[in-house]
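Visitor: any chance you could fold what I've pasted below:
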Amino acid sequence: MTKPVNDPTLTPEEMEALVRKYDNETNFRSLGGVTGMVVTLACIALSLFHIYTSGFGLLNEVMHRSVHMSFIMPLVFLLFPRARVERPLRAWGFGLFFAAFYLYLGVQLAEALTGQIPDAARWGLIGVTAVLALTALPVNQLGGHGNRLSVLDWPLAIAGGASSIYLIVFFDSIFVQNVGFPQPLDYIMGLIAIIMVLEAARRTMGETLPVIGTIALLYAVFGPYLPGDLAHRGYNIIRLVNHLYLGTEGIYGIAIGVVATFVFHFVLFGVLAQKSGLGQLFIDLASIVAGRYSGGPAKVAVVSSGFFGMISGSPIANTVTTGAFTIPMMKAKGFSGRFAAATEASASCGGQVTPPIMGAAAFVMTEMLGIPYNELILIAIIPASFHYLSTLFMVHLEAKRLNLSGIDRDKLPQFMDVLTRSWHLFIPLIVMVTLLLMKYTPFLAAFWGIMLTIGCSYIPLVLQQVGLGRKMDAGSALTPWRLKEALENGAQQSISITAACACVGFILGVTTLTGMGFKFSGAVIEGAAWMGAMVSSLDPLGFLTLDGTTLFFALIFVAIACIIMGAGIPTTPTYIILAAIAAPALQELGVPLLATHFFVFYYGVLADITPPVALAAYAGAGIAKSDPMQTGMTAFRLSMGKALVPMMFIYAPSLLFIDFTVWDFSLAMSSGVLSIVALSVAYIGFFKTSIERWEKWVLSIAGLVLVAHDVVAIAVGASVVLAILWRNAQKAKAEVPQAS
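Guide: Just a heads-up that it's a prediction; the model follows:
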């Protein structure tokens, strides 16, 4: 596809290349020949399996999850290339670490099975793990880079799939006839499964998550040798494999269960919806709603990303899809490339907290909390609104500061034209949301969303055949070839999250086995109490209580843990890990369970715009040709609403409809909005006119004070903010005659 020389927008090929550059989760090989055909058929079969089960009933949980993993694990090694060694010292360090760990597991299991299997079989087991250990080493000569498979990829694919197929074939023997009495072969297949999951996570996610998973496994084994409160009784390789492979506390635990049901179905719905033109419809609607106002393209970016986020849980794909249209427009109107890219990235990350889909982590939350999904999406509306209010207001202030105009009316789409052309695209989304609100299961709602998306895509074609609907776009029909592409893409987009959640299963399994979560919670509470006691002792008036300061520092510690963890791990595994380990600390301090999970969820979402690994911001910078690190810093500041919201609903749970009263809710809403206004003005440095440096500091402090759910604090903070805003409004009036 070609484009005019001066056209600043991206072609579909350029958009795909940019997503792959910054999103390792979609860095698929382009395969041809027999392998390409096998992969395509496997992806389509997996999508059809999930469509069928979502509409006509799931298998039992272990069987369903095993079928899902039987497809996903081979696809990892066939679709994802081996990483090239660009930093040899680092790559060899990680490679040797994993190789040594795999060989250690093999030797330990061989010793544990002494007397149960022949010596030749024991040596064969050690040999197999030695080969797997060698494949972990970053040897470029082994190949497998780019689109070409290496000699290792097919054997690894077979090994990865075999460990799950084994559970399906011998399901009755393992889980019915011999339950509680595993056979030696069960342990051997479990060991292979553990190694393959770590390798799959390395290919799709990089080194960070597999290293954490490996450390968790080592913690389970070497517990008796650890100091102080970290010590525990320790578990041998037999107990570890049994717990992680032959139960629902490890690899085939809740994380994989959610991916194999809710996540896959909604990812596939999002892919089909985009193929049918819903993404372009959202951009058109956003242009109509916000395009004509000051700084119009930036506001279109925020609104369209919010709309698009309702069907897409990927912040990087959201950034590139809408940013390819909005970032060049923002730059053309006068915004800097850095600010344009940061605006798009910040708004796109809001998709993970925007109902009705909210990304994969929201589905995990429903399972972990036992809250129906229809309730969760209603609870999430207020926090998501705060995020977009913050971003929109800062964009508005920046546009006013630069004196930028909106998009010319003659260049904006007309509402009736858009409605006439695309009304049929609303039907699947409306039906799906209605079913969710009527308390039908999410996968049944997704089933009807998928079916209606396919069916409704043909409405323009049918109407045109009978002489109606001439203005409708018949080219968006999901023809067999386009449907095949959508089914294939839907399966591909679930691969990386499946590999990540399988690896997270190690952490969750070890947490339940060793009580690691309670130990972490104890450390957080102890540290927070020490800091709280020190700070409260410095307050002679007694305004700062020990309980209040302890909670504050516990929130700070958990937030820092979320941001650090999120800098190397995607949102969903970050949320799962911290919900299991860190959230209990907040619960012990009296924070409601729902609020603790939303807290770690929101801070985990900040990962994609938190330097040094701000991938969504870097993707936006690639479109805007701006400095990636500066863009990431700007995007983080533009997302201060998202960083502030978790503190708001900890101190005012009524924002999540916990212990709801009209007074509490109204007070929290008004103080929250004013806090966002204060911090936005402080960051942009403008309200009607430029504000002074001391005013920025005062507004920042007052904005933070407004988060406290205390009438006196809110009254003081609001008075200060309103006084400074009024002062600047008067100063701006006085400057008008001088300017004229």
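
Visitor: check what contacts the helix or strand harbouring Met565 and list those residues.
Guide: Of the helices and strands defined by DSSP states H and E, Met565 is found in helix 546-566. Taking contacts as Cβ atoms under 8 Å, 6 or more residues apart in numbering, the residues outside helix 546-566 that touch it are 524-525, 527-529, 531-533, 535-536, 574, 577-578, 582-583, 585-586, 589-591, 599-600, 603-608, 610, 646-647, 650. Just so you know, the C-beta spots here come from the backbone N, C-alpha and C atoms, and that holds for glycine as well.

Visitor: for that helix, C-alpha coordinates in PDB please.
Guide: Output of helix 546-566 as PDB, limited to C-alpha atoms (Å, rounded to 0.1, in the frame of the first residue of the first chain):
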ATOM      1  CA  LEU A 546      -0.500   6.500  64.000                       C
ATOM      2  CA  ASP A 547      -3.200   4.500  62.200                       C
ATOM      3  CA  GLY A 548      -3.500   7.200  59.500                       C
ATOM      4  CA  THR A 549       0.200   7.500  58.800                       C
ATOM      5  CA  THR A 550       0.700   3.700  58.900                       C
ATOM      6  CA  LEU A 551      -2.000   3.300  56.200                       C
ATOM      7  CA  PHE A 552      -0.500   6.200  54.100                       C
ATOM      8  CA  PHE A 553       3.000   4.600  54.100                       C
ATOM      9  CA  ALA A 554       1.500   1.200  53.400                       C
ATOM     10  CA  LEU A 555      -0.200   2.600  50.300                       C
ATOM     11  CA  ILE A 556       3.000   4.300  49.200                       C
ATOM     12  CA  PHE A 557       5.000   1.000  49.600                       C
ATOM     13  CA  VAL A 558       2.400  -1.000  47.700                       C
ATOM     14  CA  ALA A 559       2.200   1.600  45.000                       C
ATOM     15  CA  ILE A 560       6.000   1.600  44.500                       C
ATOM     16  CA  ALA A 561       6.000  -2.200  44.300                       C
ATOM     17  CA  CYS A 562       3.300  -2.000  41.600                       C
ATOM     18  CA  ILE A 563       5.200   0.500  39.600                       C
ATOM     19  CA  ILE A 564       8.500  -1.300  39.900                       C
ATOM     20  CA  MET A 565       6.900  -4.600  39.100                       C
ATOM     21  CA  GLY A 566       4.900  -3.100  36.200                       C
END
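
Visitor: thinking again about what came up before, among the contacts of helix 546-566, which are located in helices?
Guide: 524-525, 527-529, 531-533, 535-536, 574, 577-578, 583, 585-586, 599-600, 603-605, 646-647, 650 (DSSP state H).

Visitor: show me which of the residues you listed are buried.
Guide: 524-525, 528-529, 531-532, 535-536, 574, 577-578, 583, 585-586, 599-600, 603-605, 646-647, 650 (16 or more other Cβ atoms under 10 Å).

Visitor: could you export whichever strand or helix holds Phe77 as PDB, CA atoms only?
Guide: For Phe77, the host element (DSSP H and E) is helix 61-79. Taking Å, rounded to 0.1, in the frame of the first residue of the first chain, the C-alpha atoms of helix 61-79 are listed here in PDB:
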ATOM      1  CA  GLU A  61     -12.000 -26.700  34.500                       C
ATOM      2  CA  VAL A  62      -8.900 -28.900  34.300                       C
ATOM      3  CA  MET A  63      -9.900 -30.300  30.900                       C
ATOM      4  CA  HIS A  64     -10.900 -26.900  29.500                       C
ATOM      5  CA  ARG A  65      -7.700 -25.300  30.600                       C
ATOM      6  CA  SER A  66      -5.600 -28.200  29.300                       C
ATOM      7  CA  VAL A  67      -7.200 -28.000  25.900                       C
ATOM      8  CA  HIS A  68      -6.400 -24.300  25.700                       C
ATOM      9  CA  MET A  69      -2.800 -24.900  26.800                       C
ATOM     10  CA  SER A  70      -2.400 -27.800  24.300                       C
ATOM     11  CA  PHE A  71      -2.900 -25.300  21.500                       C
ATOM     12  CA  ILE A  72      -1.100 -22.300  23.000                       C
ATOM     13  CA  MET A  73       2.200 -23.900  24.000                       C
ATOM     14  CA  PRO A  74       3.100 -25.200  20.500                       C
ATOM     15  CA  LEU A  75       2.000 -21.900  19.000                       C
ATOM     16  CA  VAL A  76       4.400 -20.000  21.200                       C
ATOM     17  CA  PHE A  77       7.500 -21.800  19.900                       C
ATOM     18  CA  LEU A  78       6.300 -21.700  16.300                       C
ATOM     19  CA  LEU A  79       5.100 -18.100  16.100                       C
END
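
Visitor: show me what counts as buried in that helix.
Guide: 61-62, 64-79.

Visitor: next one: the helix or strand just after that helix to chain centre, how far?
Guide: As assigned by DSSP H and E, the chain's next helix or strand after helix 61-79 is helix 88-112. Distance, stretch centre to chain centre, for helix 88-112: 30 Å (Cα atoms, centre = their mean, to the nearest Å).

Visitor: quick check: mean pLDDT of helix 88-112?
Guide: Taken as a whole, helix 88-112 carries a mean pLDDT of 91.

Visitor: report the buried residues of that helix.
Guide: The neighbour-count check on helix 88-112 (16+ other Cβ under 10 Å) flags 91, 94-95, 98-99, 101-103, 105-110, 112 as buried.

Visitor: what of stretch 325-342?
Guide: 325-331, 333-342.

Visitor: restricted to helices, list these.
Guide: 325-331, 333, 337-342.

Visitor: in this protein, where's the longest helix?
Guide: Max-length helix for the chain by DSSP H is helix 711-739.

Visitor: would you mark the buried spots in that helix?
Guide: Ala713, Ile714, Gly717, Ala718, Val720, Val721, Ile724, Leu725, Asn728.

Visitor: now do the same end-to-end measure for stretch 538-555.
Guide: 20 Å (Cα to Cα, to the nearest Å).

Visitor: pLDDT on that stretch, on average?
Guide: Here the average pLDDT along stretch 538-555 is 81.

Visitor: and what of stretch 399-409?
Guide: 85.

Visitor: contacts made by it with the rest, please.
Guide: With Cβ under 8 Å, 6+ apart, stretch 399-409 has contacts from 287, 291-300, 329, 333-335, 684-686, 688, 690.

Visitor: just how off-centre is that stretch within its chain?
Guide: 33 Å.

Visitor: can I get it as PDB, trimmed to CA atoms?
Guide: What follows is stretch 399-409, C-alpha atoms only, in PDB (Å, rounded to 0.1, in the frame of the first residue of the first chain):
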ATOM      1  CA  ALA A 399      -4.400  24.100  24.100                       C
ATOM      2  CA  LYS A 400      -5.500  27.300  25.700                       C
ATOM      3  CA  ARG A 401      -1.900  28.100  26.800                       C
ATOM      4  CA  LEU A 402      -0.800  27.700  23.100                       C
ATOM      5  CA  ASN A 403      -3.900  29.400  21.900                       C
ATOM      6  CA  LEU A 404      -4.800  26.500  19.500                       C
ATOM      7  CA  SER A 405      -8.000  26.300  17.600                       C
ATOM      8  CA  GLY A 406     -10.100  23.200  16.900                       C
ATOM      9  CA  ILE A 407     -10.700  21.300  13.700                       C
ATOM     10  CA  ASP A 408     -12.500  23.200  11.000                       C
ATOM     11  CA  ARG A 409     -16.100  22.200  10.900                       C
END
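
Visitor: in TSV, list the ones in helices among the buried residues of stretch 325-342 along with pLDDT and distance to Phe447.
Guide: Compiled in TSV, these are given as follows (pLDDT from 0 to 100; distance: Cβ to Cβ, whole Å):
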residue	pLDDT	distance to Phe447
Phe325	77	31
Thr326	82	33
Ile327	87	36
Pro328	86	38
Met329	82	37
Met330	86	39
Lys331	86	42
Lys333	82	43
Gly337	88	43
Arg338	89	43
Phe339	89	42
Ala340	88	39
Ala341	88	37
Ala342	88	38
